[in-house]
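K.L.:
Sequence and predicted structure are below.
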Amino acid sequence: MPSSRAAPGLAPAPSYAAGGLGDVLPSVLAALGVPGSGARWALAPARSAVVVLVDGLGYDLLRRRGGHAPWLRTLFADGLRVASGFPSTTPVSMGSFGTGLTPGSHGLVGFEVLVPGEDRLLNELSWENGPVPERWQPRATCFERAVAGGLDVARIGPAFFDGSGLTRAALRGGRFVSAKTLDARVDATLAHARSRPASLTYLYWGDLDKVGHVHGCESWQWGDELETIDRALARLADGLPSDCSLTITADHGMVDVPMANRVDVAYDSELAAGVRHTGGEPRAPQLYCEPGAVDDVLATWRARLGDVAWVLSQDEAVSGGLFGAVHDDHLARIGDVVVAMREPHAVVDSRHHRPELLALVGLHGSLTDDEVPVPMFHVPARAS
């Protein structure tokens, strides 16, 4: 979640030091007896563990719409509200979740980021024409450390994730099990947890995020999907072996942004001036500027958007801790100007963004309480 310490321009840096999404798997591994895991939270020992990540399940959003999730509501009393990170978007958060590191350390620093020396953007979600993932993010993942520690690791998700760039960069390790529906993934998770005496099973579900993007996170469709997830998670918890723990988390929250609150750089020559690449995403643009244009771009964007967004130079964003500690090799991936919306507004670029993205209702990526905090719910094993 945002901390009280503000970066220049009063942008609230995520409170990485207080524990965040990157601390979930290391804490689970420590409870499973994997040495050197660096646990943030002392979880009760277990022989096996299941970890579920629900894409788009922001903590504050879940609190607000908890009437659709009676089983998850029972976990709030002992649960934690932790920071996903910045930008609050899937590739960045998966980097933190999968490696146990902050964004500036693992190097997945945005939805679309500059490939240094190549004058082009990399979409870190699709990874189309991307660099070798293991070189882009060479640090060992938590799943690799789990395998090295003697655990049988299975990662359960959609087939197209198997071998994808983001999976290889952030979530490699163990074997991948393909399952399409949520019920099928719960069944596969239960089968793995029941058949392996010392295991780690990871289940990913992304439809809540999809529904939120298309219909909005305040829509009845979002509530219906949350009800489906709640029933599936209750069934999963009830079916796990007594020596297996269950941990539930998410990668980010979401905000509904009216179309009237969106600026299109393609039709705004003032905002477009001096910007070579519009990276990041609509709630958190990262601007890569023409040589010598950074100061002018920074001044213009502050003058135009300062009432609805934090607009920072790269140095301000980095020194203010938005990305956590930033490795020298990753600095060039971050925009010369970093923007984070503090109101329900967005900036798009129809010269570059696909029509499908331009039509989305629910968006995320910024630093607000509806986007950064995520749940960390842990159900201990009944017997170890």
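P.N.:
Okay, I see it.
K.L.:
And the closest residue to L322 other than its chain neighbours, how close does it get to G95?
P.N.:
The shortest distance from L322 to any non-neighbouring residue, by Cβ to Cβ, 6 or more residues apart in numbering, is to F86 (4.6 Å). The C-beta positions use only the backbone N, C-alpha and C, and glycine is treated the same way. From F86 across to G95, the span is 12 Å (Cβ to Cβ, to the nearest Å).
K.L.:
Residues that sit against both of the two, list them.
P.N.:
Jointly contacting F86 and G95 under the rule Cβ atoms under 8 Å, 6 or more residues apart in numbering are P103.
K.L.:
Between these two, tell me which one has more neighbours.
P.N.:
Neighbour count, other Cβ atoms under 10 Å: between F86 and G95, F86 has more, with 35 against 30.
K.L.:
any idea how far L287 is from the more buried one?
P.N.:
On the measure of Cβ to Cβ, F86 and L287 end up 16 Å apart.
K.L.:
what do you get for D78?
P.N.:
42 Å.
K.L.:
can you pull the buried residues of stretch 52-72?
P.N.:
Across stretch 52-72, burial judged by 16 or more other Cβ atoms under 10 Å covers 52-62, 65, 68-69, 71-72.
K.L.:
and which of those residues is nearest to D183?
P.N.:
V52 (13.7 Å; Cβ to Cβ).
K.L.:
In contact with that closest one, which residues?
P.N.:
By Cβ under 8 Å, 6+ apart, the neighbours of V52 are Y202, L203, Y204, W205, L233, L236, L246, T247, I248, T249.
K.L.:
which residues in the stretch 201-350 of the chain form strands?
P.N.:
244-250, 255-256, 262-264, 275-281, 284-289, 309-313, 337-341, 346-348 (DSSP state E, counting those that start in this stretch).
K.L.:
Sheet partners, orientation included, of the shortest one?
P.N.:
Which is strand 255-256. strand 362-363 (antiparallel) (DSSP bridges).
K.L.:
got it, and the last one?
P.N.:
Taking DSSP bridges as the criterion, strand 346-348 sits next to strand 262-264 (parallel) in its sheet.
K.L.:
just the first one next, same as before
P.N.:
The partner list of strand 244-250 in its sheet, established with DSSP bridges, is strand 48-54 (parallel), strand 373-379 (antiparallel).
K.L.:
Please save the CA atoms from the first one in CSV.
P.N.:
The C-alpha trace of strand 48-54 is given here as CSV (Å, rounded to 0.1, in the frame of the first residue of the first chain):
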residue,chain,number,x,y,z
SER,A,48,2.8,-28.5,1.3
ALA,A,49,1.3,-25.2,0.2
VAL,A,50,-1.1,-23.9,-2.4
VAL,A,51,-0.8,-20.2,-3.5
VAL,A,52,-3.6,-18.6,-5.5
LEU,A,53,-3.2,-15.3,-7.4
VAL,A,54,-6.5,-13.7,-8.5
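K.L.:
What average pLDDT does the following helix or strand past it get?
P.N.:
Using DSSP states H and E, the next helix or strand after strand 48-54 towards the C-terminus is helix 59-64. When pLDDT is averaged over helix 59-64, the result is 97.
K.L.:
Against which helices or strands is helix 59-64 packed?
P.N.:
strand 80-83, strand 373-379 (3 or more Cβ pairs under 8 Å, 6 or more residues apart in numbering; DSSP states H and E).
K.L.:
can you pull the contacts of S199?
P.N.:
Contacts of S199 (Cβ under 8 Å, 6+ apart): S48, A49, L151, D152, V153, A154, H192, A193, C244.
K.L.:
Helix or strand: which one has the fifth one?
P.N.:
Under the criterion of DSSP H and E, V153 resides in strand 152-157.
K.L.:
And for that strand, what's in contact with it?
P.N.:
With contacts defined as Cβ under 8 Å, 6+ apart, strand 152-157 is touched by 143, 146-147, 167, 171, 173-179, 185, 188-189, 192, 196, 198-204.
K.L.:
Now, of those residues, which are buried?
P.N.:
Buried among the contacts of strand 152-157 (16+ other Cβ under 10 Å): 143, 146-147, 167, 171, 173-174, 176-177, 179, 185, 188-189, 192, 196, 198-204.
K.L.:
Mind checking which of those residues are in helices?
P.N.:
F143, A146, V147, T167, R185, A188, T189, H192 (DSSP state H).
K.L.:
and the residue nearest in space to the middle of the chain, what is it in contact with?
P.N.:
Nearest residue to the geometric centre of the chain (Cα atoms, centre = their mean): S93, 2.6 Å. Neighbouring residues of S93 by Cβ under 8 Å, 6+ apart: L21, S84, G85, D251, H252.
K.L.:
who has more neighbours, D78 and L287?
P.N.:
L287 (26 against 10).
K.L.:
remind me, longest helix of the chain?
P.N.:
helix 220-239.
K.L.:
now for that helix, which elements pack on it?
P.N.:
Using 3+ Cβ pairs under 8 Å, 6+ apart, helix 220-239 sits against strand 48-54, helix 70-73, helix 182-195, strand 199-205, helix 207-215, strand 244-250.
K.L.:
Name the nearest residue to D209, ignoring sequence neighbours.
P.N.:
Counting by Cβ to Cβ, 6+ apart, the residue nearest D209 is G56, at 3.2 Å.
K.L.:
about what we covered before: and the strand holding V153, which strands flank it?
P.N.:
strand 175-178 (parallel), strand 199-205 (parallel).
K.L.:
And stretch 98-117, end to end?
P.N.:
27 Å (Cα to Cα, to the nearest Å).
K.L.:
Check stretch 240-252 too.
P.N.:
Termini of stretch 240-252 sit 26 Å apart (Cα to Cα).
K.L.:
Can you mark which positions in that stretch are buried?
P.N.:
L240, P241, D243, C244, S245, L246, T247, I248, T249, A250, D251, H252.
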